[in-house]
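Asks: below: sequence and its predicted model.
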Amino acid sequence: MKEVIRRGLYLIFLLLFAQVAHCQGVIRFEGIGQENIGREVAIFRDTLASYSFEEVSSKEFDQRFQPSKMDNLNFPDIDEDEAIWVKFTINKTFDGLCLLTVGEWVLDSLTLYRTNDTSLEPITVGKSLPRGRHGYSTNRFVFLLDPPLGVESTYFLRVKSMRLQFPLFITSTQLWTSEVHIKHLIDGIYYGFILLMFVYNGFLYFSTKDKAYSAYLVYLVTAGLYVAWVNGDIAFWLGNNMLFIHDYGPAIGCLSTFGCILFSKVFLQTHKHFKLGDTIINGLMILMAVPIVVNILGHQYLASKLLTYSALVSFLFLYYAGIVVWRKYSFARFYLVAWFFFLGFMMVYILKTLGVLPLNIVTANAKQIGSSLEMCFFALALADRINSYREKISLSELELRGLNKELLIQNKSLEEYSHMLSHNMRAPIASLLGMVRMYNHKDPEDSFNEVVVSKSLECAERLDQVVHDLNSSLLSSKKTTLEREQIHLPGLIERITSGMHHEVTRSRMKLLTNFQVKDFVSNYLFLYGVMERLFSNALKFRDPERRLVVEVETYQEANELVLVIQDNGLGMDMERHGHKLFRIYQRFHHHVEGKGVGLHMVRSQVEALGGRIVVDSQEGEGFRVELRLRLDAHHVEHEENFAIQ
């Protein structure tokens with residue numbers, strides 16, 4: 001029993017719902033604002049487009065009309081041979097003209113029928129029909145309803161098109177004029193923006209000769225042309241002289257998509273950065289020709305479908321290609337932002353068309369906003385790519401300057417080695433040749449031959465030492481990649497002084513240290529060699545009249561470790577000898593044994609460490625050496641002081 005009652009109530013509900021569904025409300029228009037009547041109309045789908053106005057306006061047809069549930073009438077599953085009938089009743093309550101406006105231009109045919117005055121001819125408009133048939137100069141379809149004041153008047157609108165997405169509005173002539181002015185202003189700003197971007201980037205193209213700019217210009221023209229076609233602006237500009245061009249919207253859309261693909265291919269340089277993607281992009285460019293051919297053959301509906309799917313696949317793949325390139329090259333970041341905004345606003349436009357989002361100034365102009373932002377960020381992407389190239393060029397210039405500097409240093413070293421070869425090697429070689437000539441070949445048992453052989457051996461040893469010094473210097477100057485390790489400077493100095501224990505004890509050397517940085521990363525062997533030579537020089541060239549004091553100090557300055565070694569020894573006259581201080585085989589204190597290679601080797605090894613050396617000295621006051629080494633990020637900073645008394 002309960003089941004019977006439940007089913008009975010359900011049947012009554014269905015009957016009531018069906019009755020309500022077939023009830024069509026009356027639109028009361030008071031002339032205030034623009035009213036969207038999408039949910040206040042009734043719809044009948046004529047699947048074969050075979051019914052006449054007389055048939056659909058008869059009372060027998062009332063039950064076939066279904067109430068609309070859409071703010072923006074949308075029929076995505078429309079068939080090529082199908083027509084849509086829209087029925088609405090209006091009661092005008094103000095004294096003025098009343099207009100029906102259609103918020104979409106890309107419609108093949110719209111015919112308005114009046115039931116209150118059948119003597120008036122029906123008005124037919126369409127994108128491929130001559131303009132001015134409705135009496136208004138605009139790129140939108142407008143119908144003058146003019147119902148009697150206070151009388152309910154019923155109208156039928158027959159729409160046939162391969163693309164059926166259109167909002168319907170009731171408005172007054174004053175409000176409509178204001179809306180048209182605002183729309184023309186927005187369109188003017190949009191096309192002015194395209195023109196500005198075209199002129200600016202055209203100037204950049206002629207300045208840089210970058211192919212990406214020429215591809216961008218092609219994209220600007222094709223994208224602007226397609227938006228102009230969708231908005232009906234081409235029809236507004238060309239008038240009735242070139243109506244045939246309105247039937248080639250899918251072909252214009254393909255050209256726009258082709259321009260976008262071409263720009264992406266050139267800008268991302270897919271032939272270098274994404275070779276597989278470049279092959280796919282070439283295929284997508286060829287694919288764009290298919291809808292064009294279909295459109296030219298007269299199949300607009302099929303061409304429109306092909307364009308929709310091929311453009312969607314192309315846009316998604318281009319976004320993916322941008323991500324692939326961006327992972328390796330940062331200049332693609334603005335390219336991705338451009339696609340993000342474009343796809344985002346295209347989604348807004350689609351949701352508005354489906355009735356999910358309300359119709360307002362943003363959703364109504366989503367195509368223009370999205371394409372404008374895309375064009376803007378594409379231009380920023382081009383500028384960013386140029387900046388990236390400039391940075392690479394700057395780095396190349398810096399590398400070239402470094403190579404030039406290194407070449408100058410090598411040339412200077414070659415001059416020094418040439419000087420050494422011509423002077424230092426000549427003496428032992430000449431002595432060796434002299435000894436050979438003095439050898440008594442006739443009497444090998446001559447006692448003088450022993451002296452000759454002994455002196456010849458000394459000459460050969462001096463020559464071998466010269467060659468050894470030259471080889472060591474060359475190895476230091478050519479060493480560009482050094483192994484780096486953690487260095488504990490106090491331990492290194494203690495090892496050096498321990499190895500010189502006899503000299504340190506004999507000279508009563510006093511060592512003072514002040515370490516603000518005691519642990520750092522560098523090459524141990526090279527730094528050990530530098531410090532050992534500097535301590536050796538301090539011991540060799542000490543002042544015999546006073547106790548030797550050596551001070552070692554470290555501190556950090558910016559990203560450099562400053563290592564200072566200062567003594568109170570004999571010093572030297574820098575004005576007289578400073579220009580040849582680091583030359584090989586230069587000696588300035590002849591009362592002490594030496595070869596004149598110490599400071600030369602110090603400078604070579606410091607430069608191999610990526611550092612530089614600064615020397616200051618005054619005769620009789622001591623010698624100060626300042627080493628500036630690149631400081632690795634991994635070091636320990638704290639003070640530690642100790643002294644050898």
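Replies: Nice, thanks for sending it over.

Asks: determine the longest strand present in this structure.
Replies: Counting residues, the longest strand found in the chain (DSSP state E) is strand 510-522.

Asks: for the record, mean pLDDT for that one?
Replies: Averaging pLDDT along strand 510-522 gives 88.

Asks: now stretch 367-380
Replies: 81.

Asks: could I get that stretch in CSV with only the CA atoms?
Replies: Extracted as CSV, the C-alpha positions of stretch 367-380 are listed here (Å, rounded to 0.1, in the frame of the first residue of the first chain):
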residue,chain,number,x,y,z
LYS,A,367,39.1,36.1,-25.5
GLN,A,368,40.5,39.6,-25.9
ILE,A,369,41.9,39.6,-22.3
GLY,A,370,43.5,36.2,-22.7
SER,A,371,45.1,36.9,-26.1
SER,A,372,46.3,40.4,-25.0
LEU,A,373,48.0,38.9,-21.9
GLU,A,374,49.5,36.2,-24.1
MET,A,375,50.8,38.7,-26.6
CYS,A,376,52.3,40.8,-23.8
PHE,A,377,54.0,37.9,-22.0
PHE,A,378,55.3,36.6,-25.4
ALA,A,379,56.9,39.9,-25.9
LEU,A,380,58.4,39.8,-22.4
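
Asks: report the buried residues of it.
Replies: Residues of stretch 367-380 classed as buried by neighbour count (16 or more other CB atoms under 10 Å): 367-379. Heads up, the C-betas are built off the backbone N, CA and C, glycines and all.

Asks: and what of stretch 225-239?
Replies: 225-236.

Asks: ok, back up a step: got the buried residues of stretch 367-380 as a markdown table, with secondary structure columns?
Replies: Shown next, in a markdown table, are the buried residues of stretch 367-380 (DSSP: H, G, I helix; E, B strand; the rest coil):
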| residue | secondary structure |
| --- | --- |
| Lys367 | helix |
| Gln368 | helix |
| Ile369 | helix |
| Gly370 | helix |
| Ser371 | helix |
| Ser372 | helix |
| Leu373 | helix |
| Glu374 | helix |
| Met375 | helix |
| Cys376 | helix |
| Phe377 | helix |
| Phe378 | helix |
| Ala379 | helix |
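
Asks: and the residues you listed, which is closest to His273?
Replies: For His273, the nearest member of the buried residues of stretch 367-380 is Phe378. The distance, counting by CB to CB, is 17.3 Å.

Asks: go ahead and confirm the closest one touches Val337.
Replies: No - using CB atoms under 8 Å, Phe378 makes no contact with Val337, being 9.6 Å away.

Asks: would CSV of the buried residues of stretch 367-380 with distance to Leu196 be doable?
Replies: Listed next are the buried residues of stretch 367-380 as CSV, based on distance: CB to CB, whole Å:
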residue, distance to Leu196
Lys367, 19
Gln368, 15
Ile369, 16
Gly370, 18
Ser371, 14
Ser372, 11
Leu373, 15
Glu374, 15
Met375, 10
Cys376, 11
Phe377, 15
Phe378, 14
Ala379, 10
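
Asks: so which of those residues comes closest to Tyr309?
Replies: When those are ranked by distance to Tyr309 (CB to CB), Lys367 comes first, at 18.7 Å.

Asks: now for that closest one: which residues touch it?
Replies: By CB atoms under 8 Å, 6 or more residues apart in numbering, the contact list for Lys367 reads 227, 230-231, 345-346, 349.

Asks: what about those residues, which are in helices?
Replies: 227, 230, 345-346, 349 (DSSP state H).

Asks: would you turn these into JSON lines with distance to Thr89 and pLDDT?
Replies: Output for the ones in helices among the contacts of Lys367, formatted as JSON lines (distance: CB to CB, whole Å; pLDDT from 0 to 100):
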{"residue": "Val227", "distance to Thr89": "36", "pLDDT": "83"}
{"residue": "Val230", "distance to Thr89": "32", "pLDDT": "76"}
{"residue": "Phe345", "distance to Thr89": "36", "pLDDT": "83"}
{"residue": "Met346", "distance to Thr89": "36", "pLDDT": "76"}
{"residue": "Tyr349", "distance to Thr89": "31", "pLDDT": "73"}
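
Asks: closest one of those residues to Leu217?
Replies: Using CB to CB, the ones in helices among the contacts of Lys367 come closest to Leu217 at Val227, 16.2 Å.

Asks: quick one: the closest one and Ile186 touch, right?
Replies: No - contact criterion CB under 8 Å: Val227 and Ile186 do not qualify, at 11.7 Å.

Asks: between the two, which contacts overlap?
Replies: Joint contacts of Val227 and Ile186 (CB under 8 Å, 6+ apart) are Gln368.

Asks: so Leu144 sits against Leu99, correct?
Replies: Yes - if you go by CB under 8 Å, Leu144 and Leu99 touch, sitting 6.1 Å apart.

Asks: of the two, which one has the most company?
Replies: Leu99 (20 against 14; other CB atoms under 10 Å).

Asks: average pLDDT across the helix or strand containing the more buried one?
Replies: Assigned by DSSP states H and E, Leu99 belongs to strand 98-102. For strand 98-102, mean pLDDT is 87.

Asks: partners of it in the sheet?
Replies: If you go by DSSP bridges, strand 98-102 pairs up with strand 141-144 (antiparallel), strand 168-172 (antiparallel).

Asks: elements contacting the helix or strand just after that strand?
Replies: Remark: after strand 98-102, the chain's next helix or strand is strand 109-114, criterion DSSP H and E. Using 3 or more CB pairs under 8 Å, 6 or more residues apart in numbering; DSSP states H and E as the contact test, the elements touching strand 109-114 are strand 123-125, strand 152-160.

Asks: just name the most buried of the ones you listed.
Replies: strand 152-160 (a mean of 20; mean count of other CB atoms under 10 Å).

Asks: what's that one in contact with?
Replies: The contact list for strand 152-160, computed with CB under 8 Å, 6+ apart, reads 26, 49, 53, 56-57, 82-92, 100, 107-116, 145, 147, 166, 168.
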